[in-house]
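# Give me a 3D structure for the following:
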Amino acid sequence: MGCDQSWDHEEASRVGTQVSFGLVQVITDLNAIPRGLFAAGSIVTIGAYDGLHVGHREIIEQVTKKAHADRQTSVLVTFSPHPAQILRPNEAPKLLTDRDQKLRLLESTGIDAVVVIAFDRIQAEETPEDFVKRVLVDALHVQRLIVGEDFCFGKDRRGNVELLLKLGGQYGFSVEPSHLVAGHDDVTASSTYIRSLVQNGDIEAANMYLGRQHELTGTVVHGDARGRTIGFPTANVEVSKALCEPGDGVYAGWYVRPARDGQPERVYPAAINIGRRPTFYVDAPVSLIEAHVIGETDIDLYGEVATLRFVARLRGEIKFSGIEELKAQLMRDVENAKTALASN
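Take a look at the predicted model:
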């Protein structure tokens with residue numbers, strides 16, 4: 001039995017087990033399901049669930065409430081990696097949540113079990129009918145299935161609500177399409193739409209649809225230390241290229257240091273710059289993420305894992321005429337960040 005508390009595709013394929021992450025059973029091998037877990041049947045939802053946004057949470061809430069009322073097991077079935085990374089890697093969307101963040105968020109929903117299907121080219125060839133029989137019926141003993149009304153799955157995305165209703169009649173489970181949630185501007189909550197908001201720098205709208213602050217987790221690496229020389233030291237946070245980064249600009253946010261060496265998690269206010277630093281570089285190839293921890297000038301962050309939570313966009317990226325103009329703006333950025341964070 002494996003003990004990896006993450007959704008690593010290679011590990012899921014190689015080890016294939018059931019593990020526990022807090023209160024959630026994480027199942028990566030349908031042949032290793034704990035005895036009796038689905039003896040009374042299950043209420044299931046299926047999907048990529050990237051971002052765990054407000055629409056996702058509404059569906060999960062329906063699942064958990066009905067499972068509790070019926071004394072059955074609530075289950076979320078998802079895939080790792082994201083199917084698009086296998087089927088169309090050059091067009092795969094940037095992810096709103098990495099695997100560990102998704103698990104943490106799912107733990108807070110009250111779902112009983114998460115089934116992670118290792119997605120590869122072989123899995124992509126499975127027909128919707130075979131998937132339903134193998135996973136939902138034989139393994140999970142599904143009694144009720146709740147999915148978004150636009151849900152598609154299986155080879156060529158041929159599986160949909162209409163087919164599920166037919167298969168439910170054949171195997172004895174009910175299907176309940178869930179109406180997708182509209183946001184404050186009547187746009188339907190979707191991972192695709194939220195990604196576009198994040199990438200365009202509209203963090204406040206993205207956070208509204210997410211129901212939380214968008215965050216990125218990475219490792220603090222050495223940079224050119226230029227910020228320290230002008231009185232604004234920054235932590236250079238390197239994140240996975242698979243994750244959805246906010247558009248270039250300066251943001252108010254929170255810098256989270258993980259619990260370690262007996263110390264609890266520590267959260268600091270921060271001014272976060274994402275960009276190519278045009279004041280110093282003409283053609284920087286990629287944008288960097290640099291976080292200035294407000295009020296702290298002498299803490300060693302190198303090599304640590306850092307989580308950045310984005311609260312508000314303060315301004316776009318600017319090319320300054322010189323160091324003094326840049327420093328003056330950085331002072332304003334820090335004050336503006338403090339103001340933005342005061343109510344968050």
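# Quick check: phi and psi at Leu52.
Reported as degrees, to the nearest 10, the phi and psi values for Leu52 are phi 50, psi 50.
# ok, and the closest non-adjacent residue to it?
Nearest non-adjacent residue to Leu52, counting by CB to CB, 6 or more residues apart in numbering: Leu105, 4.3 Å away. C-beta: built from backbone N, CA, C; applies to glycine.
# a helix runs through the one you found, doesn't it?
Yes - according to DSSP: H, G, I helix; E, B strand; the rest coil, Leu105 belongs to a helix.
# Could you give the number of residues near it?
20 (other CB atoms under 10 Å).
# Just list the residues touching Glu265, thanks.
Val256, Arg257, Pro258, Ala259 (CB atoms under 8 Å, 6 or more residues apart in numbering).
# actually Thr217, not the one I typed
Here Thr217 is in contact with Asp98, Asp100, Gln101, Val239, Val305, Ala306, Thr307, Leu308 (CB under 8 Å, 6+ apart).
# Mind listing what's buried along the helix or strand that contains the third one?
Which is Gln101. Take DSSP states H and E as the rule and Gln101 turns out to sit in helix 99-107. Under the neighbour-count criterion of 16 or more other CB atoms under 10 Å, helix 99-107 has Arg99, Gln101, Lys102, Leu103, Leu105, Leu106 buried.
# Contact partners for the fifth one?
Which is Leu105. Leu52, Thr97, Arg212.
# Distance-wise, check the residue nearest the centre of the chain relative to His68.
The centre of the chain sits closest to Thr97, judged by CA atoms, centre = their mean, with a distance of 1.4 Å. Distance, Thr97 to His68, by CB to CB, to the nearest Å: 25 Å.
# now swap in Glu245 and tell me
38 Å.
# which of these two has more neighbours?
Glu245 (18 against 13).
# Not counting residues beside it along the chain, what's closest to Arg257?
Closest to Arg257 by CB to CB, 6+ apart is Arg266, at 4.5 Å.
# Wait, that neighbour touches Val293, no?
No - at 10.0 Å, Arg266 and Val293 do not qualify as touching, with contact defined as CB atoms under 8 Å.
# quick check, nearest of the buried residues of helix 99-107 to His222?
Nearest to His222 among those: Gln101, at 25.0 Å, using CB to CB.
# need the contact list for that closest one.
Gln101 neighbours (CB under 8 Å, 6+ apart): Glu215, Thr217.
# pLDDT at it, what is it?
Listed pLDDT for Gln101 reads 90.
# try Arg71
Predicted confidence (pLDDT) for Arg71: 96.
# ok, it - how many residues close by?
Neighbour count for Arg71, taken as other CB under 10 Å: 8.
# State the distance from it to Gly211.
28 Å.
# Just the pLDDT for the closest residue to Gly231 other than its chain neighbours.
Leaving aside its sequence neighbours, Gly231 sits nearest to Lys327 (CB to CB, 6+ apart; 6.8 Å). pLDDT, Lys327: 89.
# mind checking how far Lys327 is from Phe320?
9 Å.
# same check, this time on Ser287
Here the criterion is CB to CB. By it, Ser287 lies 17 Å from Phe320.
# Arg266 and Val293: which has the busier surroundings?
Legend: neighbour count by other CB under 10 Å for Arg266 and Val293, higher for Val293 (20 against 13).
# Tell me the buried residues within the contacts of Glu265.
Val256, Arg257.
# Can I get the contacts of Glu265 in a markdown table including secondary structure, pLDDT and distance to Pro89?
Shown next, in a markdown table, are the contacts of Glu265 (DSSP: H, G, I helix; E, B strand; the rest coil; pLDDT from 0 to 100; distance: CB to CB, whole Å):
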| residue | secondary structure | pLDDT | distance to Pro89 |
| --- | --- | --- | --- |
| Val256 | strand | 96 | 31 |
| Arg257 | strand | 93 | 33 |
| Pro258 | coil | 89 | 31 |
| Ala259 | coil | 87 | 35 |
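# Might one say that Gly227 is in contact with Ala271?
No - using CB under 8 Å, Gly227 is not in contact with Ala271; the gap is 10.7 Å.
# Mind listing the shared neighbours of the two?
Joint contacts of Gly227 and Ala271 (CB under 8 Å, 6+ apart) are His292.
# Of those two, which one has the most company?
Taking other CB under 10 Å, Gly227 and Ala271 do not tie; Ala271 has more neighbours (27 against 18).
# Any idea how many residues pack against the nearest residue to that one once chain neighbours are set aside?
Once flanking residues are discounted, Ala271 sits nearest to Ala337: 4.2 Å by CB to CB, 6+ apart. Using other CB under 10 Å, Ala337 has 23 neighbouring residues.
# Tell me which two in the contacts of Thr217 are the farthest apart.
Asp100 and Leu308 (15.0 Å).
# Strands along the stretch 151-300 of the chain, start to end?
174-178, 215-221, 235-239, 249-257, 266-275, 288-293 (DSSP state E, counting those that start in this stretch).
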